[in-house]
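*Asks:* build the 3D model from these lines:
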Amino acid sequence: MLFNRRNLIGSALTIALFASATSTSLAEIQINLSDVLPESNFMVKNATKFAEAVKEATGGEVIISVKAGGSLGFKGPDQLTAVRDGLVEMADINISQQVGVNPLFGAEGIPFLISSMEELRKYHEFIRPEFEKLAEQNNQKILYMVPSPAQYVYLQVLVDDIEDFRGIPVRGADKNTVDIVSALGMAGVAMPWGELIPALASGRVSGVATSATSGVDGKFWEFLKYIYPTNHTWGCNMVTINLDVWNKIPAAQQQAIEKVAEEMEPGFWEISRQGDLDSIKIMTDNGMELVEISPELRAEMTKRGQALQEEFLQRVPAAKPLVEQFKAAAGK
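*Replies:* Model (predicted):
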């Protein structure tokens, strides 16, 4: 009898503990965040810090798991539609790679429009509301945005004249970048990050247009020699969440998440700025050379970029009033 009573008590405790564990797990909202960049990239580190802050702010009720390095099987241009269609709950999205969904996503990358991160902040006063509308049209909400650092062109050869660029196959992450390097005389190649290193190793491309942080991620010193501070374009990543998922999160937790995003975003911008400086040092310490672009070459590059700027605004007329408002506000 005693044995049976102990068994009953033990069974009751087991059931109670199981019910408690089940109720705890049901209270948690588990969310995957897809990122194509490697874990070493500052964008991924930002996302990880954001996930940790969200967990704390929501009392552990919202758990975001960052899946880096394209481990969920999505490439950069797939990220927006993957969130839209509910294939993943969240993603860290390179905005300019989404021009196939809507060409206005290329408005940050208009050639030689933005000359500094301060100007980019000013531009965001006009462009960000439009991006938020586009995100909503694609069944998602922007939580925060972070710029890539200043842009460079990395080559194997030393260039001091615009004609020296001619025919060099150079990878760009998006159509705008490919158009820019092609206008400068290079043979632009659109290519996702995941394909870049094999392409450099095989000689399919012999140059890259991207940021300094990406240069470190790709260990460009193993393939390339010279760093040209072209600063030809700017662009941001946005971390978004599927609206169907967002709407299932209790209002109090939504407010906590939005507060975390708002408070952390300015710090993420500063991380980007410092990441540029630190990454250039790493690459030069590994034998690469930062090349000063002559005033003559810079003038020719800017001239060709202006023509592309006009072409973009003709092709994407929705961007024209945004650019005009920005130029007026920035005194350009």
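
*Asks:* drop to CA atoms for contacts and neighbour counts, all remaining ones
*Replies:* OK.

*Asks:* now for residue 97, how many residues are close by?
*Replies:* 25 (other C-alpha atoms under 10 Å).

*Asks:* how does the protein divide up, domain by domain?
*Replies:* Domain ranges of the chain: 29-147+234-283, 151-233+288-330, per automatic domain parsing.

*Asks:* and the ones you listed as JSON lines, adding mean pLDDT?
*Replies:* What follows is the domains of the chain, written out as JSON lines (pLDDT from 0 to 100):
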{"stretch": "domain 29-147+234-283", "mean pLDDT": "96"}
{"stretch": "domain 151-233+288-330", "mean pLDDT": "93"}
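
*Asks:* for stretch 197-206, C-alpha coordinates in CSV please.
*Replies:* Listed next in CSV are the C-alpha coordinates belonging to stretch 197-206 (Å, rounded to 0.1, in the frame of the first residue of the first chain):
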residue,chain,number,x,y,z
ILE,A,197,35.3,33.5,-52.3
PRO,A,198,35.2,30.6,-54.7
ALA,A,199,34.9,33.2,-57.6
LEU,A,200,38.0,35.0,-56.3
ALA,A,201,39.9,31.7,-55.9
SER,A,202,39.0,30.6,-59.4
GLY,A,203,39.6,33.9,-61.1
ARG,A,204,36.0,34.4,-62.2
VAL,A,205,36.3,37.8,-60.6
SER,A,206,39.5,39.7,-59.8
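
*Asks:* that stretch: how far from the chain's middle?
*Replies:* 23 Å (C-alpha atoms, centre = their mean, to the nearest Å).

*Asks:* mind listing what's buried along it?
*Replies:* Under the neighbour-count criterion of 16 or more other C-alpha atoms under 10 Å, stretch 197-206 has 197, 200, 205, 206 buried.

*Asks:* need those residues in TSV with secondary structure and distance to residue 174, can you?
*Replies:* Shown next, in TSV, are the buried residues of stretch 197-206 (DSSP: H, G, I helix; E, B strand; the rest coil; distance: C-alpha to C-alpha, whole Å):
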residue	secondary structure	distance to residue 174
197	helix	17
200	helix	17
205	coil	15
206	coil	17
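
*Asks:* with distance to residue 228 added, can I get those residues in JSON lines?
*Replies:* Putting those into JSON lines (distance: C-alpha to C-alpha, whole Å) gives the following:
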{"residue": "197", "distance to residue 228": "19"}
{"residue": "200", "distance to residue 228": "18"}
{"residue": "205", "distance to residue 228": "17"}
{"residue": "206", "distance to residue 228": "14"}
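
*Asks:* wait, which of those is closest to residue 155?
*Replies:* Taking C-alpha to C-alpha as the measure, residue 206 is the one of these closest to residue 155, at 6.5 Å.

*Asks:* strands of the protein, residue ranges please.
*Replies:* 29-34, 62-67, 90-94, 140-147, 151-155, 169-172, 187-190, 207-211, 226-228, 236-242, 289-290 (DSSP state E).

*Asks:* chain center to the longest helix belonging to the chain, what's the gap?
*Replies:* Longest among the helix segments of the chain by residue count, using DSSP state H, is helix 251-285. On the basis of C-alpha atoms, centre = their mean, helix 251-285 is displaced by 11 Å from the centre of the chain it belongs to.
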